[in-house]
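Participant: Sequence first, then the predicted structure:
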Amino acid sequence: MKRKSALIFGASGQDGSYLAELLLKKKYIVHGVKRRASNLNVSINNDIYQNRYKKNKNFIVHYGDISDSASVYKIIDKTKPDEIYNLAAQSHVAFSFEVPEYTANANALGALRIVESIKLHNLIKKTKFYQAGSSEIFGRVQDSPQNENTPFYPLSPYAVAKLYAHWITKNYRETYGIFGSNGILFNHESPRRGVTFVTRKIISGLCKIKEKKQKKLYLGNLNSKRDWGHARDYCFAMWKILQQKKPDDFVIATGIQYSIKQFINKVAKKLNMKIYWKGKGIKEKGYDKNGNIIIECHKNYFRPLDVNTLLGDSKKARKLLKWKPKTHIDSLIDEMIRAEYKYLNEDK
Ligand code: G4F
C-alpha cells in the first residue's frame with residue numbers, strides 16, 4: 001500500500017514535533033517546513049528536530065516561511081501531499097500587540113497562501129487541509145463553555161488574524177470544495193512549550209526558586225482562567241480531524257479551567273513549596289514560608305487587553321471524532337516538572 005504523505009508548516013514548534021512523531025509512527029512520509037535561522041541554538045524543539053528526525057528517512061526537511069508566498073507555493077507543488085497541517089504562526093498573544101502586521105501576515109495570510117496554493121496546483125481532490133485555530137477567537141466570551149456555535153469576539157491582533165484564517169478555510173471549503181477543517185484548540189502545554197508561555201514560565205521559575213537558582217518570578221494577570229490540556233493529545237485530535245469523511249470545525253478542550261494563581265498553587269504543592277498570598281491586583285504577591293517575596297506582578301507582563309476566561313465544550317469532537325483528552329492536568333504538570341529538572345541538570 002502506498003504510504004500517505006503529510007506536509008507540516010511549523011514542524012519545529014511544540015505541536016509540530018508531536019504531530020510529526022505521531023505521523024511517522026503511522027508510517028507517513030512527513031515533510032516538515034522549517035524557517036532557516038542564523039542562530040543554531042533556537043529552542044529545545046530544535047534539538048528534538050535534529051536528534052530524532054535527522055536519521056529518519058521518512059522525515060524530509062524543507063526550508064521555507066509561511067509569510068513568503070513563493071516558498072509556500074513551491075513546497076506544496078513539490079510535495080503534493082495527502083494532508084497539510086498549518087501550525088506555523090506568530091504564536092505569542094502578548095507579542096502580537098507589538099508586531100500586529102507581522103502577526104497578520106503569518107497567522108492570517110499564511111492560511112490563505114496554503115488554500116490558494118491547493119487550488120492553484122489542482123490539489124483540491126487530493127489534499128486535505130488542517131488549520132490550527134485558537135480558542136483566543138472567543139476572546140470576550142459571549143457564552144460559557146465555548147463550542148463551535150459560540151459567537152467570536154477576538155481581543156488581540158493574534159486572535160483577529162486567527163479568525164481570518166478560520167474564515168478563509170471555511171470560505172475555500174464552501175467556494176471551491178477544498179477539504180479544509182479548523183481545529184479550535186484551547187491552550188495545550190507540554191515540556192516542549194516555550195519558556196515565555198505562562199505554564200512553562202511558572203514551572204521553570206518555581207523549580208529554579210526551589211533549587212536557589214532564581215529569587216523571584218515576575219508575572220502578569222494572575223486571575224485569568226484557562227482550559228489547559230496536553231499538546232500530545234491535541235495533536236492526535238488534529239490527525240483525527242483530517243481522517244473524517246467531510247471537512248468540519250471542532251473545538252478541542254478538556255472542559256476544566258483553572259486560574260493562573262490556581263495553577264501556581266498546584267505546581268508549588270507538587271514541589272512541596274507553600275505559597276502565602278497577600279495583596280490584590282498588580283500588588284498581589286506570593287511569599288515563601290520564611291516571608292520572602294517569590295512571586296510578584298510586573299506591568300510589563302500585563303496585556304493591553306486580556307482574555308479573562310476560556311472554557312471549552314468539546315462534545316462534538318468527543319462524539320464525531322471519538323476523541324477525548326487522555327492527560328489530566330496533574331500528570332501534565334508532573335511531566336513538565338520532571339523535564340524541567342532534566343533541563344536544569346543538563347545546564348549544570
Ligand atoms: O500562556 P499564555 O501566554 O497563553 P495564551 O495567551 O492563552 O495563548 C496560548 O493559547 C492559545 C489557545 O487559546 C493559543 F492560541 C496561543 O498561541 C497560545 O498558545 O497566557 C495565558 C494567560 C493569559 O491570560 C496571560 O495574561 O496567562 C496570563 N499571564 C500572566 N502572567 C501570563 C503571564 N502569560 C504569559 N505569557 N506570561 C506571564 O508572565
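Facilitator: Received, thanks.
Participant: switch to C-alpha atoms for all contacts and neighbour counts from now on
Facilitator: OK.
Participant: For the nearest residue to residue 250 once chain neighbours are set aside, grab phi and psi.
Facilitator: Using Cα to Cα, 6 or more residues apart in numbering and skipping residues adjacent in sequence, the residue nearest residue 250 is residue 183, 5.0 Å away. Geometry field for residue 183 lists phi and psi as phi -100, psi 120, criterion degrees, to the nearest 10.
Participant: before we move on, what about residue 63?
Facilitator: Dihedral angles (degrees, to the nearest 10) for residue 63: phi -90, psi 130.
Participant: Let me know how buried residue 291 is, in neighbour terms.
Facilitator: 10 (other Cα atoms under 10 Å).
Participant: Checking it next. Helix, strand or coil?
Facilitator: coil (DSSP: H, G, I helix; E, B strand; the rest coil).
Participant: That one and the ligand, how far apart?
Facilitator: Applying Cα to the nearest ligand atom, to the nearest Å, the value for residue 291 to the ligand is 22 Å.
Participant: Likewise for residue 113?
Facilitator: Residue 113 is 20 Å from the ligand, by Cα to the nearest ligand atom.
Participant: ok, now residue 307?
Facilitator: When residue 307 is compared with the ligand (using Cα to the nearest ligand atom), they lie 6 Å apart.
Participant: Now do the helices in the stretch 101-250 of the chain.
Facilitator: Per DSSP state H, counting those that start in this stretch, the stretch 101-250 of the chain carries helices over the ranges 110-120, 157-176, 198-210, 231-242.
Participant: Quick one, which of those gets closest to residue 310.
Facilitator: Taking Cα to Cα, helix 157-176 is the member of those nearest to residue 310, at 13.3 Å.
Participant: Is the residue nearest to residue 250 bridged to anything, and to what?
Facilitator: Under DSSP bridges, the beta-bridge partners of residue 183 are residue 132, residue 250.
Participant: Pretty sure it sits against residue 251.
Facilitator: Yes - the criterion here is Cα atoms under 8 Å, and residue 183 meets it with residue 251 at 6.1 Å.
Participant: got the helices of the stretch 101-250 of the chain as CSV, with mean neighbour count, distance to residue 134 and mean pLDDT columns?
Facilitator: Compiled in CSV, the helices of the stretch 101-250 of the chain are given as follows (neighbours: other Cα atoms under 10 Å; distance: least, Cα to Cα, whole Å; pLDDT from 0 to 100):
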stretch, mean neighbour count, distance to residue 134, mean pLDDT
helix 110-120, 22, 13, 98
helix 157-176, 21, 7, 98
helix 198-210, 20, 16, 98
helix 231-242, 22, 12, 98
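Participant: right, so of the ones you listed, which gets closest to residue 222?
Facilitator: helix 198-210 (10.0 Å).
Participant: just checking, what packs against the closest one?
Facilitator: strand 217-219, helix 260-270, helix 329-347 (3 or more Cα pairs under 8 Å, 6 or more residues apart in numbering; DSSP states H and E).
Participant: To residue 86, which of the ones you listed lies closest?
Facilitator: Closest approach to residue 86 among those is made by helix 329-347 (24.7 Å; Cα to Cα).
Participant: what does the stretch 201-348 of the chain put close to the ligand?
Facilitator: When proximity is defined as Cα under 6 Å from any ligand atom, the stretch 201-348 of the chain approaches the ligand at 219, 220, 221, 222, 224, 301, 302, 306, 307.
Participant: With the stretch 51-200 of the chain instead?
Facilitator: Checking the stretch 51-200 of the chain against the ligand by Cα under 6 Å from any ligand atom, the hits are 91-93, 134-136, 185-187, 196-199.
Participant: State the number of residues packed around the residue nearest to residue 250.
Facilitator: 25.
Participant: burial count for the closest residue to residue 5 other than its chain neighbours?
Facilitator: Among residues not flanking residue 5 along the chain, residue 29 sits closest, at 4.6 Å (Cα to Cα, 6+ apart). Other residues lying near residue 29 total 21 when counted by other Cα under 10 Å.
Participant: if we can go back for a sec, as CSV, the helices and strands packed on helix 198-210 with mean neighbour count and mean pLDDT would be great.
Facilitator: Formatted as CSV, the helices and strands packed on helix 198-210 follow (neighbours: other Cα atoms under 10 Å; pLDDT from 0 to 100):
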stretch, mean neighbour count, mean pLDDT
strand 217-219, 18, 98
helix 260-270, 18, 98
helix 329-347, 15, 95
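Participant: Which one, of those, ends up nearest to residue 80?
Facilitator: Ranking these by proximity to residue 80 (Cα to Cα) places helix 329-347 first, at 36.1 Å.
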